[in-house]
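[1] Sequence and predicted model, in that order:
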Amino acid sequence: MVAALAPAAEPTAGPAPPARRRPREFTAVDYGTIGGSALSALTLTWLIFARLTDGVGWLGFLVVAYVAFLVLFGLVTADRIGVLAAKDRLATVTITSGAMLLLAPLLWLVGYVLVKGLPGLRPSFFTHDMRGVTPTMPASAGGGLHAIIGSLQQVGLALLITVPLAVSTAVFLNETRSRLRRPVRIVVDAMSGMPSVVAGLFIYATFVIPYGGQIDLFGFNGFMAALALSMIMLPTITRTVEVVLRLVPDGLREASLSLGASRARTVWSVVLPTARSGVTTAVVLGIARAVGETAPLLFTAFGYQLINSNPFANPQESLPLFVFRSITQPQQSMIDRGFTGALVLMLVVLGLFALARFIGRDRTRSRRRTGQAPAMPTGADIFEALPGPGAPVSVAQKGS
């Protein structure tokens, strides 16, 4: 006799896990709470400092008012929507206020240079040098063409010297397993913290003093300035390119090596083309880092009030030197002309940073909006990039 099997008892469900709460975006009520808390904090701080005590000055007043605002805002938000959301909103308010505090001096500086330099910004500034300009002439006389030419030539020469060295160093640090990587990285990190004036003093003591009176190439000229600027640009470009090379997927390297390519060919045909936008961004950031330096140019280019289109002989002007020399003059017209040069230099630097942001932007979002898949190199692309019969096709060419 087969005993009837009793139905298996269903397992008892335990207590349901608590639902995860996610803080939402700020609402109109949150902004009203911020305004009310700020007003209450200011009123309370004024009552304590102005009526109950002798006060501690405006800085102490602002610090105490800000702390009181955070406390009031946290208490009111916690009572209204809970402790978790209150912590999120309190952290958001703290970070945002800190960013605004750091942004305020930058906006004030940019606005000040705009107000002082915009009246003297005229087309003649880009077409004339300081030939025939006397201290009694207005700021509209003369221009900064000689300084613009000098800056372009000096930064261009520094770029020609720095980019091959920086990219090679970054490839050595990221793509090799040499024992020298650690000391080289230490040197690069030390150079990134080196004051810019030290670079100028090094070139001055190494080339200008011993050989300046004998060979024109080692005297005060734009080439010596380019050498000093290259020392400033080298660590910036190297570290940025190294970070960019780390972002290249290892699968691309492994696929290329598995197909018989050497490590050098893999770096040249696969890694660098894949990271070309990041390398371009690193170069632009290096230019922006060096284009505004003044201290190293005082010991190398020395400065000159007229156009000198030969960077390998005789002193040469640049925009930072033009601004420095003009601002230090007692005449108001020279000071105004210096602010105009500072405005041009600031626009150049801001334009370079904007260009770096544009080059290094995330292109996957635009591809998603247009319905295109990201252009990732395939095994066939890597195979075609290897040496063989016919013209090799690089990954960059296939991706474009």
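    Perfect, I can see it now.
[2] per-residue pLDDT, residue 33?
    Looking at residue 33, its pLDDT reads 89.
[3] Next one: it from residue 76, what distance?
    Note on residue 33: its distance to residue 76, by C-beta to C-beta, to the nearest Å, is 5 Å. For the C-beta atoms, the positions are set from N, CA and C on the backbone; glycine is no exception.
[4] Who has more neighbours out of these two?
    A count of neighbours by other C-beta atoms under 10 Å puts residue 33 above the other of residue 33 and residue 76, at 20 against 17.
[5] export the host helix or strand of that one as PDB, just CAs?
    Using DSSP states H and E, residue 33 maps to helix 28-46. Taking Å, rounded to 0.1, in the frame of the first residue of the first chain, the C-alpha atoms of helix 28-46 are listed here in PDB:
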ATOM      1  CA  ALA A  28      10.200  74.300  -5.400                       C
ATOM      2  CA  VAL A  29       9.600  73.500  -1.800                       C
ATOM      3  CA  ASP A  30      13.300  72.800  -1.300                       C
ATOM      4  CA  TYR A  31      14.300  76.100  -2.800                       C
ATOM      5  CA  GLY A  32      11.800  77.800  -0.600                       C
ATOM      6  CA  THR A  33      13.300  76.000   2.400                       C
ATOM      7  CA  ILE A  34      16.800  77.200   1.300                       C
ATOM      8  CA  GLY A  35      15.600  80.800   1.100                       C
ATOM      9  CA  GLY A  36      13.800  80.600   4.400                       C
ATOM     10  CA  SER A  37      16.800  79.000   6.200                       C
ATOM     11  CA  ALA A  38      19.200  81.500   4.800                       C
ATOM     12  CA  LEU A  39      17.000  84.400   5.900                       C
ATOM     13  CA  SER A  40      16.500  82.900   9.400                       C
ATOM     14  CA  ALA A  41      20.300  82.300   9.700                       C
ATOM     15  CA  LEU A  42      21.100  85.800   8.800                       C
ATOM     16  CA  THR A  43      18.600  87.200  11.200                       C
ATOM     17  CA  LEU A  44      19.700  85.000  14.100                       C
ATOM     18  CA  THR A  45      23.400  85.800  13.500                       C
ATOM     19  CA  TRP A  46      22.600  89.500  13.300                       C
END
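[6] In terms of secondary structure, what does it contact?
    helix 58-81 (3 or more C-beta pairs under 8 Å, 6 or more residues apart in numbering; DSSP states H and E).
[7] Packing partners of the helix or strand just after the helix it packs on?
    Downstream of helix 58-81, the first helix or strand assigned by DSSP H and E is helix 83-117. For helix 83-117, the elements it packs on are helix 58-81, helix 332-359, judged by 3+ C-beta pairs under 8 Å, 6+ apart.
[8] Please identify the buried residues of helix 83-117?
    Within helix 83-117, the residues that qualify as buried by neighbour count (16 or more other C-beta atoms under 10 Å) are 85-86, 88-90, 93, 113, 116-117.
[9] Next, the angle helix 58-81 makes with that helix.
    140 degrees (axes from the mean of the first three to the mean of the last three C-alpha atoms, to 10 degrees).
[10] any idea of the angle helix 83-117 forms with helix 332-359?
    Using the same axes, to 10 degrees: helix 83-117 against helix 332-359 is 140 degrees.
[11] so how far is helix 83-117 from its chain's centroid?
    18 Å (C-alpha atoms, centre = their mean, to the nearest Å).
[12] for stretch 41-60, same thing?
    The answer for stretch 41-60 is 40 Å, by C-alpha atoms, centre = their mean.
[13] Give me the residues contacting it.
    Stretch 41-60 is contacted by residues 61, 64-66, 68-69, 72 when judged by C-beta atoms under 8 Å, 6 or more residues apart in numbering.
[14] And for stretch 25-40?
    Here stretch 25-40 makes contact (C-beta under 8 Å, 6+ apart) with 68-69, 72-73, 76-77, 80, 89, 92-93.
[15] could these go into a markdown table alongside pLDDT and distance to residue 188?
    Listed next are the contacts of stretch 25-40 as a markdown table, based on pLDDT from 0 to 100; distance: C-beta to C-beta, whole Å:
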| residue | pLDDT | distance to residue 188 |
| --- | --- | --- |
| 68 | 92 | 47 |
| 69 | 93 | 44 |
| 72 | 92 | 48 |
| 73 | 92 | 45 |
| 76 | 91 | 50 |
| 77 | 90 | 46 |
| 80 | 87 | 52 |
| 89 | 89 | 42 |
| 92 | 90 | 37 |
| 93 | 91 | 39 |
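[16] how about TSV for the contacts of stretch 41-60, with neighbour count and distance to residue 238 added?
    Shown next, in TSV, are the contacts of stretch 41-60 (neighbours: other C-beta atoms under 10 Å; distance: C-beta to C-beta, whole Å):
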residue	neighbour count	distance to residue 238
61	17	47
64	16	46
65	20	46
66	17	41
68	19	47
69	21	44
72	19	49
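[17] quick check, nearest of these to residue 271?
    residue 66 (48.7 Å; C-beta to C-beta).
[18] which residues does that closest one contact?
    Neighbours of residue 66 in contact, by C-beta under 8 Å, 6+ apart: 41, 97.
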